[in-house]
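Colleague: Can you look at this prediction? I've put the sequence above it.
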Amino acid sequence: MSLTASIDYSHDVEDVALAALLKLSRGVAVIGHDDRLLLKNPGFDALFGAGLTGPAVLSMIGLRARPAEDSGPFQVLLDDGRTASVEVARVPQGWLITAEDVSAALVERERAAGEARVDILTGLGNRLMFQEAMNAALDGKDTRFAVLMLDLDRFKAVNDGLGHPVGDALLVKIAQRLRGALSPDDVAARLGGDEFGVIQVGQSQPQAAAALAERLVDLLGRAYIVDGHLINIGASVGVALAPEDGGSYAEIVRSADLALYRAKQGGRSTFRFFESAMDEQMQARRRLEIDLRRALALREFTLFYQPQFNLASRKVTGFEALLRWRSESRGMVPPAEFIPLAEEIGLISPIGEWVIRTACREAAGWADNLSVAVNVSAVQFRSRTLLSTIVSALAESGLAPNRLELEITESVLLEDLGAATSLLNSVREMGVRVSMDDFGTGYSSLSYLRSFPFDKIKIDQSFVRAGDQDPGAAAIVRAIAALGQSLGMTVTAEGVETDDQFANVLAVGCTDVQGYAISRPMPADQIAAFLTSSPRDA
Amino acid sequence: MTVDNAAEAKLYRLVYYSRNRVAQETEATAAEIDDILAASRRNNARVGVTGALIFNSGVFAQVLEGALPDIEATFERIQRDQRHGDVEVLQFEPTATRAFPTWSMGFIGRSQKGKHLFGHVTEATGFEAKRLEGERIFDIMRAIAIDEERAPAA
């Protein structure tokens, strides 16, 4: 076939060409040297939409500048999810752009690749291939092998921040680095978005797996340059060994995943071997989670109240509400055992809401001069519903806002100081009081005390307890008390247990105390009796 | 008709340094360093990347200048090289002109043994920082290299 067109000039050539162009299913457009759209057919509109200008078309197909040479075919992801294959060719009038919808072909290719056990993007194996390779290893003559599960840290931020094409290009580079670090006999597969699996065979274990895991954490965690972006991500690795960590594909993968979970918990960009203790801990955690999830519905939570005592007036000023879980199967569960889990699995918000509502309702039945303090965690602060919960809890209970006190720790302010202080200010405008809890531990930054005018500082009990023997701790208590006084804040010493401690905190200038020296936390129905017994009225 | 030159790929500059994992100042190391430099010059000349490299027993510091795809490919090759550890990128941005239009390499170290083993590299290539920007980058690299040099062998 000749490269020159074969044209019969007995017809009006332009009419013929135009008719053919209009009927052509392939999208065609011509863009002039001045970027104006000179011509396009309905097929083009069907792909890219009607009414586009020349520059819009150029940007749509990903060309920032007009190409000096013919380019393509390259794929362009359209807004509606379809994929077009585009070619750009120079013509005397400018640039000829032709495009066709290749979505169906891609789906077919994906299906074929799935059958071929290949991950299209990276060229590694897919999950099916991984499973088959592991089953083959399990059935082989050497059933000792290692399985490494890899997961990227911060990959989502790359996808969200730089876009999926950059994320995909990064995955390709990661896969190449991964493949390059393996022996020819090793199997590598992409198991999901940013999850990879490796089967390492024919090596002496666990040394070989440890060396590879360490190498991969280092190699994959090194900076990448993709499309002009410098990208830093990390990789975490979990390792399981066959046959000791599992006798089937499912068991081995589960063990490696558990180890990976631990690696991520252990600060990321590290690796962990599976240990049977992990499994037991994980099972125990899962059972606790099941019980915890239904504790609210089964009304197993209850509030205990610990009195707060003012040293000048020698009177109880209020109570701190403390959450207790009386589990039917476990008995009393200490907060330290279930609060972190509740935070992790997102139960802390409904539990926290229950605490606020219950504390307000119960406190509304007390004498008007008694307040109730409620602990609010950083996780609750992040949820948008905290303010409305407080508003409705006060309205439903009829408790005066100035009788409610929120106790927060520095961690609330640590994450997003601006958002936290604005929420605290809204709370304050309603008349609710705010305390800084556990002061002296953590950062104890004075700037946090300045960032919001707290009503009260609560000195962490560790200083109060150590103050007996440790002059350093005593000095800290004295300094915080002086600080609070000069800022006009109430200063409560927590964890005051003995008469000596009581005398000490009084001597250094604390205004209030809380602790066993006054009373242990008590159920709501014991408060009335406690108040009539007039504690510390000496 | 004139065609604008937009196709001329944009020039990028990358400056990085990394811990030198090539062990000690020995003859074998000297041979390995020679290999690295030779390979690096060969590869980089092929893809039109120029720059500067200085090293001692503690650190490699390198400037790479070239078209983005070439810089990207070169950097990826460096990242996969076991001999580099803790690669730290100091600068990565488009640049109008090359600060190092020809290759410059040098050994910067105080140890006599190192100078004896690696000094020829400097002599063979010389330093050719064309512009003030190049000199500034080179000064920073030099400072890092000197800080990172391992205690000279007795």
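Modeller: Nice, I can see it.

Colleague: What count of nearby residues applies to residue 70?
Modeller: Picking chain A for this. 11 (other C-beta atoms under 10 Å in any protein chain shown). The C-beta positions use only the backbone N, C-alpha and C, and glycine is treated the same way.

Colleague: Chain B, not that one
Modeller: Quick note: residue B:70 (other C-beta under 10 Å) scores 19 neighbours.

Colleague: wait, residue A:199 sits on residue A:135?
Modeller: No - applying C-beta atoms under 8 Å as the test, residue A:199 and residue A:135 come out as separate, 10.5 Å apart.

Colleague: And the two? Which one has more around it.
Modeller: residue A:199 (22 against 12).

Colleague: list the helices and strands the host helix or strand of the more buried one packs on?
Modeller: Assigned by DSSP states H and E, residue A:199 belongs to strand A:195-201. Applying 3 or more C-beta pairs under 8 Å, 6 or more residues apart in numbering or on different chains; DSSP states H and E, we find strand A:195-201 packed against helix A:127-139, strand A:145-153, helix A:164-180, strand A:187-192, helix A:207-220.

Colleague: These into JSON lines, with extra columns for mean pLDDT and distance to residue A:358?
Modeller: Output for the helices and strands packed on strand A:195-201, formatted as JSON lines (pLDDT from 0 to 100; distance: least, C-beta to C-beta, whole Å):
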{"stretch": "helix A:127-139", "mean pLDDT": "92", "distance to residue A:358": "47"}
{"stretch": "strand A:145-153", "mean pLDDT": "95", "distance to residue A:358": "39"}
{"stretch": "helix A:164-180", "mean pLDDT": "94", "distance to residue A:358": "46"}
{"stretch": "strand A:187-192", "mean pLDDT": "94", "distance to residue A:358": "42"}
{"stretch": "helix A:207-220", "mean pLDDT": "92", "distance to residue A:358": "47"}
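
Colleague: just those: most buried one?
Modeller: The highest mean neighbour count among these, using mean count of other C-beta atoms under 10 Å in any protein chain shown, belongs to strand A:145-153: a mean of 24.

Colleague: anything in the longest helix along chain B near chain A?
Modeller: The residue-count maximum for a helix in chain B (DSSP state H) belongs to helix B:27-47. No - against chain A, helix B:27-47 shows no contacts by C-beta under 8 Å from any C-beta of the partner chain, the least distance being 14.3 Å.

Colleague: Just the mean pLDDT for that helix, thanks.
Modeller: Per-residue pLDDT values over helix B:27-47 give a mean of 71.

Colleague: same thing with stretch A:296-307?
Modeller: 92.

Colleague: Residues touching that stretch, excluding its own?
Modeller: By C-beta atoms under 8 Å, 6 or more residues apart in numbering or on different chains, the surrounding residues in contact with stretch A:296-307 are A:295, A:316, A:318-328, A:347, A:350-351, A:354-355, A:358-359, A:362, A:372, A:514-515, A:518-524, A:527, A:530, A:535.

Colleague: With stretch B:71-83 instead?
Modeller: For stretch B:71-83, the external contacting residues (C-beta under 8 Å, 6+ apart) are A:173, A:176-177, A:180, A:219, A:222-226, B:12, B:14, B:16, B:18, B:20-22, B:32, B:36, B:43-44, B:47, B:49, B:62, B:64-66, B:84, B:87.

Colleague: do stretch A:267-287 as well
Modeller: Under C-beta under 8 Å, 6+ apart, the answer for stretch A:267-287 is A:148, A:153, A:206, A:209-210, A:213-214, A:216-217, A:221, A:234-241, A:245, A:255-256, A:258-263, A:266, A:341.

Colleague: And the longest helix of chain B, what does it pack against?
Modeller: So helix B:27-47, by 3+ C-beta pairs under 8 Å, 6+ apart, packs with strand B:50-55, strand B:59-67, helix B:68-79, helix B:112-125.

Colleague: For the second one, buried residues please.
Modeller: Which is strand B:59-67. Across strand B:59-67, burial judged by 16 or more other C-beta atoms under 10 Å in any protein chain shown covers B:59, B:60, B:61, B:62, B:63, B:64, B:65, B:66, B:67.

Colleague: where's residue A:263, which helix or strand?
Modeller: helix A:249-265.

Colleague: Extract the C-alpha trace of that helix and format it as PDB.
Modeller: Presented in PDB, the C-alpha positions along helix A:249-265 are these (Å, rounded to 0.1, in the frame of the first residue of the first chain):
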ATOM      1  CA  TYR A 249      -2.000 -21.000  52.500                       C
ATOM      2  CA  ALA A 250      -4.700 -19.400  54.800                       C
ATOM      3  CA  GLU A 251      -2.800 -20.100  58.000                       C
ATOM      4  CA  ILE A 252       0.600 -18.900  56.700                       C
ATOM      5  CA  VAL A 253      -0.900 -15.700  55.200                       C
ATOM      6  CA  ARG A 254      -2.700 -15.100  58.500                       C
ATOM      7  CA  SER A 255       0.500 -15.500  60.500                       C
ATOM      8  CA  ALA A 256       2.400 -13.200  58.200                       C
ATOM      9  CA  ASP A 257      -0.400 -10.600  58.300                       C
ATOM     10  CA  LEU A 258      -0.400 -10.700  62.100                       C
ATOM     11  CA  ALA A 259       3.400 -10.100  62.100                       C
ATOM     12  CA  LEU A 260       2.900  -7.300  59.600                       C
ATOM     13  CA  TYR A 261       0.200  -5.700  61.900                       C
ATOM     14  CA  ARG A 262       2.700  -5.900  64.700                       C
ATOM     15  CA  ALA A 263       5.400  -4.300  62.500                       C
ATOM     16  CA  LYS A 264       3.100  -1.400  61.700                       C
ATOM     17  CA  GLN A 265       2.200  -1.100  65.400                       C
END
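
Colleague: Sort out which residues of that helix are buried, please.
Modeller: Within helix A:249-265, the residues scored as buried using 16+ other C-beta under 10 Å are A:249, A:252-264.

Colleague: Could you list the paired strands of the lengthiest strand in chain A along with their orientation?
Modeller: Ranked by residue count under DSSP state E, the longest strand found in chain A is strand A:315-327. Here strand A:315-327 has these sheet partners by DSSP bridges: strand A:301-310 (antiparallel), strand A:331-333 (antiparallel), strand A:371-375 (parallel).

Colleague: Pipe those into JSON lines and attach mean neighbour count per row.
Modeller: Formatted as JSON lines, the entries for the strands paired with strand A:315-327 read as follows, by neighbours: other C-beta atoms under 10 Å in any protein chain shown:
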{"stretch": "strand A:301-310", "mean neighbour count": "20"}
{"stretch": "strand A:331-333", "mean neighbour count": "12"}
{"stretch": "strand A:371-375", "mean neighbour count": "24"}
